[in-house]
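1. After the sequence you'll find the predicted model.
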Amino acid sequence: MSFIDRLRARWHTADSLLCVGLDPDPARLPERFANDEDALFAFCRDIADATAGFACAFKPQIAYFAAHDGGESALQRLIAHLNAIHPDIPVILDGKRGDIGSTAAQYAVEAFDRFGADAVTLNPYMGFDSAEPFLQRDGRGAIFLCHTSNPGARDFQELMIDGAPLYQHVARTIAEKWNGAGNCALVVGATFPEELKVIRGIVGDMPLLIPGVGAQGGDVAAVVKNGKTADGTGLVINSSRGILYASSGEDFAEAAADAARELRDDINRWR
Ligand SMILES: O=c1ccn([C@@H]2O[C@H](COP(=O)(O)O)[C@@H](O)[C@H]2O)c(=O)[nH]1
């Protein structure tokens, strides 16, 4: 089954639009991991196992692993664990890749063959040839930055070109020209709900990955109302820190599960 089909199936079987972000920061891990040489892996595994029942997807951010010695091995083993123990939950590698075609081809090997992710986030700034190696991968997902969640999103993404802001050109081009295989999705920040509404109008039922609720303060109700599709799905709403660090005590996994359940239920209230 393709990434998009697996995502759609998971939305329904888990009754969840929540994506659990796996961004392990060594400075914030619970005390019990202080002397654990494999802390990045062990912490994320415990969080994922505790929150899986409430998740439509997992999203490890590559920087939190690659920044540390042994981190890429931890990421590889983590995704292998997710695929083995939670095979119905798609894994999105947040890598924000984008480069000339020959280098992009290596990034596609990294995301899909080395790490075993179902989908990867991509920066569309370098254009179609930089996306092609990902779009050609049967069954894998390509999730392009459209309107990001950070304040600096305005610097370039809202620049007017031919009467419309750049992010709208990105949404339209990807929906109309890059999505021939039906494996594209877009990243839209929860902190820009009005722009989310416009993007939903442009892209039809294309899945949207929404970071920015929780620690970044995005409004869940506005996100769901403005971003959902007619059947009440279409969204992959990510929270990382708000779930990962719900408690720094011995109860960290239970607290993460409670935070995930509460956010899943809050999202569902507005569907
Ligand atoms: O526009 C974007 C694109 C990606 N992100 C990533 O999502 C998570 C958000 O983490 P929180 O702790 O829930 O704020 C993180 O991995 C970012 O790199 C984003 O925030 N905004």
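-> Arrived safely, thanks for sending. Only a predicted model underlies this, so the values are computations on that prediction, with no experimental measurement involved.
2. For the residue lying closest to Ala259 once chain neighbours are set aside, the count of nearby residues, please.
-> In space, and not counting its chain neighbours, Ala259 is closest to Ala246: 4.0 Å by CB to CB, 6 or more residues apart in numbering. For glycine as for every other residue, the C-beta is placed from the backbone atoms N, C-alpha and C. By other CB atoms under 10 Å, 23 other residues sit near Ala246.
3. go on, the one 10 residues further on?
-> In terms of burial, Ala256 registers 25 neighbours under the definition other CB under 10 Å.
4. The closest residue to Asp15 other than its chain neighbours and the ligand, how far apart?
-> Closest residue in space to Asp15, ignoring its immediate chain neighbours: Asn268 at 6.8 Å, by CB to CB, 6+ apart. Counting by CB to the nearest ligand atom, to the nearest Å, the gap from Asn268 to the ligand is 19 Å.
5. Now the phi/psi pair for Asn268, please.
-> As for Asn268, its main-chain torsions (degrees, to the nearest 10) stand at phi -70, psi -30.
6. picking up where we left off before, tell me if I am right that the residue nearest to Ala259 is in a strand.
-> No. Using DSSP: H, G, I helix; E, B strand; the rest coil, the assignment for Ala246 is coil, not a strand.
7. Use 46 as the first number for this chain going forward.
-> That works, and once the first residue is 46, the last one we named lands at Ala291.
8. Is it correct that it is in contact with Arg306?
-> No. Using CB atoms under 8 Å, Ala291 makes no contact with Arg306, being 10.8 Å away.
9. The residue nearest to Ala304: what's it in contact with?
-> Contacts for Ala291 (CB atoms under 8 Å, 6 or more residues apart in numbering) come out as Phe297, Ala300, Ala301, Asp303, Ala304.
10. Assign the closest residue to Phe86 other than its chain neighbours to helix, strand or coil.
-> Once flanking residues are discounted, Phe86 sits nearest to Ala119: 4.0 Å by CB to CB, 6+ apart. At Ala119 the chain is in helix, as set by three-state DSSP.
11. What about the contacts of Ala291, which one has the most neighbours?
-> Ala301 (25 neighbours).
12. how about the helices of this protein, start to end?
-> 48-58, 84-96, 108-111, 116-130, 146-153, 173-180, 198-202, 211-218, 238-248, 265-272, 286-289, 297-314 (DSSP state H).
13. Show me which residues of stretch 178-191 are buried.
-> Pro178, Phe179, Leu180, Arg182, Arg185, Gly186, Ala187, Ile188, Phe189, Leu190, Cys191 (16 or more other CB atoms under 10 Å).
14. The ligand contacts on this protein?
-> Selection of the chain residues close to the ligand by CB under 6 Å from any ligand atom yields 66, 68, 106, 139, 193-194, 232, 234, 256-257, 259-261, 283-287.
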